[in-house]
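Quick one: sequence and predicted model below, then my questions.
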Amino acid sequence: DGEIMLAIIIPYYKLTFFEATLDSLAAQTNQNFKVYIGDDASEESPTDLLSKYRGKFKFVYHRFEINLGGISLTKQWGRCISLAGNEEWIMILGDDDVLGENVVQAFLANFLEVEKEGINLIRFSTQSIDKVKNIISKVYVNPKLEKATDFYYRRYSGLVRSSLSEHVFRKESFLKHKFKNYPLAWHSDDYAWIEFAENKPVFAINDAVITVIVSSESLTGSKANLIKKNIAQSLFYMDLVKNKLNLFDKNMRLPLLLQAEIAIKTNRKLTVKEWNVLFFEYLKNYSTLPTLKFIRRFVKSLF
C-alpha cells in the first residue's frame, strides 16, 4: 500500500452513532489510512463494538482515564492527534459523522496536485442528516481553489455550512498554529482554517461527500450551552478583527466589524483597549460618517 499519509483522528465520547462511523471507515475503497481513537473517559465503552472491526481497517484505540473534553474540547483534539504516528495529514472525524466510501481514494487521487500547489488545507463536500438519517440539507460543494477568508465569508453570509470533519490539514500546520481554545471549541475550527491555510487557497474535493449528523445530541444541533456559544463567538470575532481582518477583502470587513461589536456587546462590556482596536480599523478602512457613529456608540458604552 505504500507509506500511510493520512491519519483519521476520532475524539470518541458517544456510542450512539459510532457504528455508522466505523462502517464508513471499513467501506473505504482505498484503505491507505490509519485511524486513532481517543476515548475521553467515556461511560459508554466502545471496545466490544471495535472488536468487530479488527482486520477491517487499521486502527489504534486508547482510553484516556481523565475526561478533558468537558474542560477543553480543543485540548482533547490535541491529545488525540498526539496518538498519531508519522502521517503528514490529519482528519479529525466526529464519532457520529460518516465518510462516503471514496473519501480516502479521492484524497489520494488529488494528492500530487495538492503537493504541487503547496496546499495546507483540503475540504470535502458535505451533507447534513438528522439522527434517523433523514437528509436535511443539500450537498454543499465548493470552488476548487478558494481563499479561507472567502469561504468563511460565504459561511457568515449563510451560503454554505462547515464542520470539523470535512477538513484534512497538514500536521505541521496544526503543530505551528494549534486550535484556539474557545468555549465548547465553538468556532475554534473556523479560526484554525484561516491560520492553517497560511494564505494558500483551500483545495476542494467535490466528488466525495462527508455526512454530518445534526441532532439535539450533537454539539451543533444542541440548544444547550447557548451562553458559552455566544461567548465563543464573541472571542472569535474579536480575534478576527484584531489579527486577521487584513486578510479579508475590504467589502467584507465592515460586516465582520459590526458582527464583532454585536457579538461582544451581547455578553460583556468591551474594554477600552478592545474599542481602540475596532476604532483603529474604522479609521483605516471607512469614511467619516461610520467612524463618527462608532465613536458615539463608544461614548454611550462608557455610561
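Great, that's in hand.

count of residues packed around the closest residue to residue 173 other than its chain neighbours?
Leaving out its chain neighbours, the residue that sits closest to residue 173 by Cβ to Cβ, 6 or more residues apart in numbering is residue 196, at 4.1 Å. Every residue, glycine included, has its C-beta placed from N, CA and C. For residue 196, the tally of surrounding residues (other Cβ atoms under 10 Å) stands at 23.

so residue 196 touches residue 122, yeah?
No. Using Cβ atoms under 8 Å, residue 196 is not in contact with residue 122; the gap is 10.5 Å.

shared neighbours, those two?
Listed contacts common to residue 196 and residue 122 are residue 169; contacts here mean Cβ atoms under 8 Å, 6 or more residues apart in numbering.

can I assume the residue nearest to residue 173 sits in a helix?
Yes. Assessed by DSSP: H, G, I helix; E, B strand; the rest coil, residue 196 belongs to a helix.

residues in contact with it?
120, 121, 148, 169, 170, 173, 174, 177.

which element is the fourth one on?
So the one you mean is residue 169. strand 167-170 (DSSP states H and E).

hey, C-alpha coordinates of that strand in PDB?
Output of strand 167-170 as PDB, limited to C-alpha atoms (Å, rounded to 0.1, in the frame of the first residue of the first chain):
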ATOM      1  CA  HIS A 167     -11.300  19.100   6.600                       C
ATOM      2  CA  VAL A 168      -7.900  17.500   6.100                       C
ATOM      3  CA  PHE A 169      -4.900  19.500   7.100                       C
ATOM      4  CA  ARG A 170      -1.100  19.200   7.300                       C
END
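
Next secondary structure element downstream of it?
That would be, after strand 167-170 and using DSSP H and E, helix 171-177.

So what's the residue count around residue 135?
Around residue 135 there are 11 residues (other Cβ under 10 Å).

cool, and residue 112?
Residue 112 has 9 nearby residues by other Cβ under 10 Å.

and residue 205, that's in a helix?
No. According to three-state DSSP, residue 205 belongs to no helix; its state is strand.

Report pLDDT for it.
We note a pLDDT of 98 for residue 205 in this prediction.

isn't it right up against residue 121?
No. Applying Cβ under 8 Å, one finds residue 205 not in contact with residue 121, separated by 11.5 Å.

Would you mind measuring from residue 236 to residue 95?
Separation of residue 236 from residue 95 (Cβ to Cβ, to the nearest Å): 24 Å.

between these two, which one's more packed in?
residue 95 (23 against 20).

who touches that one in this structure?
Taking Cβ under 8 Å, 6+ apart as the test, what residue 95 contacts is 10, 11, 12, 13, 14, 17, 18, 21.

now do residue 7
Counting by Cβ under 8 Å, 6+ apart, residue 7 has contacts 33, 34, 35, 36, 81, 84, 85, 87, 89, 90, 91, 171.

List phi and psi for it.
phi -110, psi 120 (degrees, to the nearest 10).

Need the pLDDT of it.
98.

mind checking how far stretch 176-183 is from the chain centre?
11 Å (Cα atoms, centre = their mean, to the nearest Å).

Excluding sequence neighbours, find me the nearest residue to residue 208.
Per Cβ to Cβ, 6+ apart, closest to residue 208 is residue 106, 3.8 Å.

Can you get me a residue count around that neighbour?
20.
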